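A.B. asks: Sequence first, then the predicted structure:
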Amino acid sequence: MKVQIGLIQRYPLLVIAFALAPSGCRMPSYDLDRIKEQLAQRPVELNRLDQLAGKWKTSGTIKFIGIDEPIHTTGTSEAAWECDGRLLVERSQFDMGPLGPMSGLSVWSWDENKRRYGMQWFDSFGEQTRGHARYDEDTKTWHISTRGRSSLCNVATRGTVRVIDHDTLEWTWDQWDAWGILQFAEMRGMSQRH
């Protein structure tokens, strides 16, 4: 059994070729019209992200656990559709008070296979996280969970974005260690469309 598994792991294409050869299986022929017909249509679920698109002014506070004084932050961002409306990409610039300026990039998408929204975050402080989001229609709130790496360690984050109205978002963002045991920071704020 170990020999067979080792062969599959080392030479997967060769194993597939040998398996298909006796059956007479061959690649189907395609033409450009058939390929165009099979291209995936833009998922309608992406339309829900329209409520996050636009230019925003943000203000908030960050409370690091163990530090008494919260940090006040301000910033601007613009979220726009890219890749023919399949990705919502947000570019942000923040003044993080005593920590200085920070730029960030988030990418929202729809994963058709998992039937959920994807969300990734990258920033100039070295943080990179990816995860998923779901929208609660009753409370008009996005619930986001990500995992990744901050400049110091592996992290897990949980956040919300509540749609107050067309021009106002209220958000929270809490950061924990990778196991979700020790909390590092909690962030709260508002974003206004401009």
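C.D. replies: Happy to help now that I have it.

A.B. asks: hmm, who's touching stretch 78-86?
C.D. replies: Contacting residues not belonging to stretch 78-86 are listed as 42, 46, 52-56, 87-91, 106, 108-110 [C-beta atoms under 8 Å, 6 or more residues apart in numbering]. Every C-beta, even on glycine, is put in place using the N, C-alpha and C of the backbone.

A.B. asks: do the same with stretch 64-72
C.D. replies: Contacts for stretch 64-72 (C-beta under 8 Å, 6+ apart): 59-63, 96-99, 182-186.

A.B. asks: repeat that with 10 Å
C.D. replies: Contacts of stretch 64-72 with the rest of the structure, by C-beta atoms under 10 Å, 6 or more residues apart in numbering, involve 59-63, 95-99, 175-176, 182-189.

A.B. asks: distance between the ends of it?
C.D. replies: End-to-end span of stretch 64-72 (C-alpha to C-alpha, to the nearest Å): 12 Å.

A.B. asks: Stretch 130-142 now?
C.D. replies: 15 Å.

A.B. asks: just stretch 43-56 next, same as before
C.D. replies: 25 Å.

A.B. asks: domain ranges for this protein?
C.D. replies: When the chain is parsed with automatic domain parsing, its domains come out as 2-38, 46-193.

A.B. asks: can you put those in a markdown table and add mean neighbour count and mean pLDDT?
C.D. replies: Formatted as a markdown table, these follow (neighbours: other C-beta atoms under 10 Å; pLDDT from 0 to 100):
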| stretch | mean neighbour count | mean pLDDT |
| --- | --- | --- |
| domain 2-38 | 9 | 62 |
| domain 46-193 | 15 | 96 |
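
A.B. asks: can you tell me the helix or strand for residue 180?
C.D. replies: Counting by DSSP states H and E, no helix or strand carries residue 180.

A.B. asks: measure it to residue 156 for me?
C.D. replies: 5 Å (C-beta to C-beta, to the nearest Å).

A.B. asks: shared neighbours of the two, anything?
C.D. replies: By C-beta under 10 Å, 6+ apart, the residues touching both residue 180 and residue 156 are 145, 147, 174.
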